[in-house]
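J.: next input, structure requested:
(one chain, ligands or ions: 2)
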Amino acid sequence: MTDRPITTTDAGIPAPSDEFSLSVGPNGPLLLQDHYLIQKMAAFNRERVPERVVHAKGGGAYGVLRITEDVSRYTKAKLFQKGQETGLFLRFSTVAGERGSADTVRDPRGFAIKFYTEDGNYDIVGNNTPIFFIRDPSKFSDFIHSQKRRADTHTRDHNMQWDFWTLSPESAHQVAFLMTDRGTPRSWRHMHGFGSHTFLWYNAAGEKFWVKYHFKTEQGIENFTDADARALVAEDPDFHLRDLQTAIRNGDHPAWKVNIQIMPFEDAADYRFNPFDLTKVWPHSDYPEITIGRFVLNRNPENYFAEVEQASFEPANLVPGVGPSPDKMLQGRLFSYPDAHRYRIGPNYLQLPVNTPKVPVHSYNVDGHMRYRNPGDPVYAPNSVNGPAADPSLYEGENYQVTGEIIRSAYVRHREDDDYVQPRALWENVLSDVDRDHMVSNIVGHASAPEVTADMKKRVVDYWTNIHKDLGQRVAQGLGVA
Ligand code: NDP
Ligand code: HEM
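T.: Ligands and ions are numbered 1, 2, ... in the order given. Have a look, this model is predicted:
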């Protein structure tokens, strides 16, 4: 006997063999009574849950958020009070590729954080960019279809991508980011994260503010050139996953500053940009960033499937002191994520260890597939037997007036709303000469794929000319468009 554990079936019964199925004589046939063989084959056939419809490839780690500044005048959310420490799980991802796809492709990166707060889970499900491609959730599935695979050939298709982008001018700001070298970050540790949307904060006195979150990497921004990123696709498709795990294992714990921009509630109505439009940032000259704390990632998950593949983030997980804004994209996402989890993981996904809150759950929801923990009696409210009772006072301050006609429409334009003004500021004022050279060659490389038609190339040139004529000219030159 060795001190190795004995193999068992999933029911804990000692397994009869690690290699031989039960047969009639050494040469078979096999017997139906070999329940262990049947269990192995059946379990194998059921190993996969559906991958995420977007953001399928990723990796994550646990960490802790520490708040160093007093922001109680803006929010009463417990996790944001000075001195507070809150455990968290963060998952990074690419967007368009499948679960086994390469990490270093040009794509935005997901930056999804679950804070295990005293008031239950608070999820900020953001990206490494402060903006997005579209501003109405009704276009999301169309946008994603254009970035993934064709129906006929199952190939990715740059012509289809540019078709969608050039017909959706609101995408210009995000596509501009994507085509800089920030579209190919060196690692997940070397990029910022953003809550991207505007959220509502309210304090104990019921005063309201609009807030944006910026998570600034303390490792510094580092990017791959297009050529280096492409080379790594072949060399190590799991480069970012491996990088994060190795750094944490070696005690090199990555950290991000937590910065916010705060807009007084009343400013929103006539701010020069629509502050809820996800294709726009709030310029720092109007609303400077304020550092309120930092978080560190310090522990790798022990089981990828249990803790990363089944991690389930939802923008609807907001705690008292934080609320949604009228951003239409955010409103759409409030529904979309829990719906995805119920389909992909199952209705009781919140009972899995990575998803479950670190506070007692006193809901009146019961039963369903794979539930192992039910509340006790009573199972209904109202009740007269001292069951859990809601405390609406926790949400005092979240209320505000909205009126209007029921309508399908674009946002009402604010004074300086325009799809090109902010990407133009990026090109003119923020990018260095080298950044600009790389952006042009990244665009030209992308739009030079063999499937991109001559007509589409002209549309690509027009798209970039709208942002800046120099940019348009340089793209035209690169693509050979007159
Ligand atoms: P600022 O000059 O105050 O801010 C520019 C921002 O751009 C900084 O956050 C900077 O910080 C970031 N940045 C620097 N290099 C790049 C790059 N190569 N790619 C993307 N971002 C970069 O100007 P404004 O706030 O008026 O914004 C001007 C433009 O900058 C915007 O139109 C937008 O395109 C871009 N931007 C603005 C942000 C905002 O929240 N205001 C955030 C990010 C970008 P860092 O290098 O640390 O990222
Ligand atoms: C993942 C929908 C916009 C960031 C997902 C998933 C869906 C989805 C269905 C898969 C969820 C899962 O199976 O776990 C939508 C819709 C959007 C939208 C309908 C717009 C209306 C955005 C925006 C951002 C974003 C604007 C960032 C600012 C993410 C991230 C993930 C994700 C980071 C991966 C989360 C994880 O790591 O598990 N999205 N999305 N999405 N989305 Fe969105």
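
J.: distance check, residue 194 against residue 113.
T.: Distance, residue 194 to residue 113, by C-beta to C-beta, to the nearest Å: 11 Å. Using the backbone N, CA and C atoms, a C-beta is placed for each residue, glycine as well.

J.: quick one: low-confidence parts of the stretch 1-150 of the chain?
T.: 1 (pLDDT under 70).

J.: how does it look with 80?
T.: Filtered on pLDDT under 80, the stretch 1-150 of the chain yields the residue ranges 1-2.

J.: which residues of it lie near ligand 2?
T.: Taking C-beta under 6 Å from any ligand atom as the contact definition, the stretch 1-150 of the chain meets ligand 2 at 52-55, 58, 91, 93, 110, 112, 125-127, 132, 137, 140.

J.: list only buried entries from those residues.
T.: Neighbour counting by 16 or more other C-beta atoms under 10 Å classes 52, 54-55, 58, 91, 93, 110, 112, 125-127, 132, 137, 140 among these as buried.

J.: is it possible to export the residues you listed to JSON lines including distance to ligand 1?
T.: As requested, these are exported to JSON lines (distance: C-beta to the nearest ligand atom, whole Å):
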{"residue": "52", "distance to ligand 1": "26"}
{"residue": "54", "distance to ligand 1": "22"}
{"residue": "55", "distance to ligand 1": "21"}
{"residue": "58", "distance to ligand 1": "22"}
{"residue": "91", "distance to ligand 1": "21"}
{"residue": "93", "distance to ligand 1": "20"}
{"residue": "110", "distance to ligand 1": "17"}
{"residue": "112", "distance to ligand 1": "19"}
{"residue": "125", "distance to ligand 1": "18"}
{"residue": "126", "distance to ligand 1": "12"}
{"residue": "127", "distance to ligand 1": "12"}
{"residue": "132", "distance to ligand 1": "13"}
{"residue": "137", "distance to ligand 1": "22"}
{"residue": "140", "distance to ligand 1": "22"}
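
J.: reformat those as CSV; add secondary structure.
T.: Formatted as CSV, these follow (DSSP: H, G, I helix; E, B strand; the rest coil):
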residue, secondary structure
52, coil
54, coil
55, coil
58, strand
91, strand
93, strand
110, strand
112, strand
125, strand
126, strand
127, strand
132, coil
137, helix
140, helix
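
J.: quick one: contacts of the helix or strand residue 458 falls within?
T.: Element membership for residue 458, per DSSP states H and E: helix 454-467. Helix 454-467 has contacts (C-beta atoms under 8 Å, 6 or more residues apart in numbering) with 159, 162-163, 165-166, 169, 172, 175-176, 419-420, 423-424, 427, 443, 447, 452, 471-473, 475-476, 479-481.

J.: buried ones among those?
T.: 159, 162-163, 165-166, 172, 175-176, 419-420, 423-424, 427, 443, 447, 452, 471-472, 475-476, 479, 481.

J.: among these, which are in helices?
T.: 159, 162-163, 165-166, 172, 175-176, 423-424, 443, 447, 471-472, 475-476, 479 (DSSP state H).

J.: so residue 340 sits right up against residue 52, yeah?
T.: Yes: contact criterion C-beta atoms under 8 Å: residue 340 and residue 52 qualify, at 7.3 Å.

J.: wait, residue 338 sits on residue 314?
T.: Yes: using C-beta under 8 Å, residue 338 is in contact with residue 314, at 5.0 Å.

J.: enumerate every residue touching the residue in the chain that ligand 2 sits nearest to.
T.: Closest contact between the chain and ligand 2, by C-beta to the nearest ligand atom, is at residue 110 (2.8 Å). Applying C-beta under 8 Å, 6+ apart to residue 110 gives the contacts 55, 58, 91-95, 125-128.

J.: 7 Å instead?
T.: Going by C-beta atoms under 7 Å, 6 or more residues apart in numbering, residue 110 touches 55, 58, 91-93, 95, 127.
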